[in-house]
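Provided below are the primary sequence and the corresponding predicted coordinates.
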Amino acid sequence: MIKAAYLHIPFCEHICYYCDFNKVFLKGQPVDDYLKGLEQEMRLTLTQHPIEEKLETIFVGGGTPTSLNEQQLEQLCESINNYLPLVANGEFTFEANPGDLSKEKLQILKDAGVNRISLGVQTFDDELLKKIGRVHRAKDVYASLETIRSVGFENISIDLIYSLPTQTLADFQKTLTTALSLQLPHYSAYSLIIEPKTVFYNLFKKGKLPTPGEDIEAYMYELLMEEMAKHGLCHYEISNFSLTGYESRHNLTYWDNEPYYGFGAGAHSYLDGVRRSNIGPLKKYLEQINRGILPVQEYHTVSISEQMEEEMFLGLRKIAGVSLSRFQEKFNQNLIQIFSAEIKELTAKKWIEVNDDNIYLTKQGRLLGNEVFQMFLGVFD
């Protein structure tokens, strides 16, 4: 049963140097046509894959969803509420950037049932913000949080990025101290990944991107875990920390390897055992939609063996890890037997541990997460 939906708004008022998401400059774009197309995609998809019971989570990401004007935001929220019914205690998240959140926009979101705001902060160091191509400054974060709270939002998350160019351990400590002083219920923190087709990638290829290096990055991650624990935040996924009850229920859908709808240009979905990715370029996306055709670019039917591998490398991102009994229930297979060689090797290295019903990363394993996940890829080939 499908419990989650993601909607992609690809418009940005500026492009950050590290970002490889499907996005375009807002100015001069056919935003109104796109919102109509999004509504048409929901209608077409739900004809083929109807909602059986109300959804538990909706996540609107981008791009920058809040770069839309008030009228467009209202239209988007109306479409969502018309097509995607949410349970009474459902989680309805909007991503936003500091500095583009007026009280009017936030009130529109609140009135539409949005109850969680995820704010892209990245760092509180103004010099670093300039270096990574962000246009907001630390003062904009404080102002935005004040406005968000004044409208009545309590479930607020901020994103941070570490291992940024020229960033030191002391710099990251300062950002963490500031972030934690805000006393928010949820924090996400990711190490910088240099992706192709970004400004940073081009600089990196030319040897002009001075990053801190793997050792400093590992120290930063250890510092992150220590500071979050000190402030009573539960480390529930490799990059995510929250007060109890404030975990991102939407993202847990992905890590639990559950199905979800994905709407919008470049969006991904997982329906009836098939992973789909939508056409990215807006013009092509709209052409398909206007012809009454779903804008899917790629279909991949996930075999049972692939599903089992995904269960491992997605589930091990959670600090609780993968449940042996849930695996048995889902696949009618014994997890320990299927992955015996991998589990034996990783246990010997002290990167994972197994208890009565869970297999999970050790603290050392969290530092080497990607190496652990790789072990479960292509096991059945």
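That came through fine. Numbers count the residues shown, from 1 in each chain.

C-alpha only now, for contacts and for neighbours.
Noted.

in the one helix or strand Gln297 maps to, which residues are buried?
Assigned by DSSP states H and E, Gln297 belongs to strand 296-301. Buried residues in strand 296-301, counted by 16 or more other CA atoms under 10 Å: Val296.

which helix or strand lies directly C-terminal to it?
Tracing the chain past strand 296-301, the next element assigned as helix or strand by DSSP H and E is helix 304-315.

I figured Tyr236 was touching Ile319, is that so?
Yes - taking contacts as CA atoms under 8 Å, Tyr236 lies within contact range of Ile319: 5.0 Å.

where is the longest strand in this structure?
strand 86-96 (DSSP state E).

tell me the helix or strand right after that one.
Counting by DSSP H and E, the next helix or strand C-terminal to strand 86-96 is helix 103-111.

tilt between that following helix and strand 86-96?
160 degrees (axes from the mean of the first three to the mean of the last three CA atoms, to 10 degrees).

and the strands in the stretch 1-150 of the chain?
Remark: strands assigned in the stretch 1-150 of the chain by DSSP state E, counting those that start in this stretch are 4-9, 11-12, 24-25, 55-62, 86-96, 116-122.

these: which one's closest to His231?
The closest of the strands of the stretch 1-150 of the chain to His231 is strand 116-122. By CA to CA, the value is 19.2 Å.

am I right that Thr211 is in contact with Tyr162?
No - contact criterion CA under 8 Å: Thr211 and Tyr162 do not qualify, at 10.1 Å.

quick revisit: in TSV, list the strands of the stretch 1-150 of the chain along with mean neighbour count and distance to Ser340.
Formatted as TSV, the strands of the stretch 1-150 of the chain follow (neighbours: other CA atoms under 10 Å; distance: least, CA to CA, whole Å):
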stretch	mean neighbour count	distance to Ser340
strand 4-9	24	33
strand 11-12	22	46
strand 24-25	16	46
strand 55-62	23	35
strand 86-96	19	37
strand 116-122	22	39
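
out of the ones you listed, nearest to His300?
Once the strands of the stretch 1-150 of the chain are compared by CA to CA, strand 4-9 is nearest, at 18.6 Å.

which other helices and strands contact that closest one?
Applying 3 or more CA pairs under 8 Å, 6 or more residues apart in numbering; DSSP states H and E, one finds that strand 4-9 contacts strand 55-62, strand 261-263.

one more time with 10 Å
Applying 3 or more CA pairs under 10 Å, 6 or more residues apart in numbering; DSSP states H and E, one finds that strand 4-9 makes contact with helix 31-48, strand 55-62, helix 70-83, strand 86-96, helix 249-255, strand 261-263, strand 268-271.

reformat these as a markdown table; add mean pLDDT.
Converted to a markdown table, those look like this (pLDDT from 0 to 100):
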| stretch | mean pLDDT |
| --- | --- |
| helix 31-48 | 97 |
| strand 55-62 | 97 |
| helix 70-83 | 98 |
| strand 86-96 | 97 |
| helix 249-255 | 97 |
| strand 261-263 | 98 |
| strand 268-271 | 98 |
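
quick one, which of the ones you listed is nearest to Glu104?
Per CA to CA, nearest to Glu104 of those: helix 70-83, 7.3 Å.

residues of the closest one that come out buried?
For helix 70-83, burial by neighbour count (16+ other CA under 10 Å) applies to 70, 72-77, 79-80.
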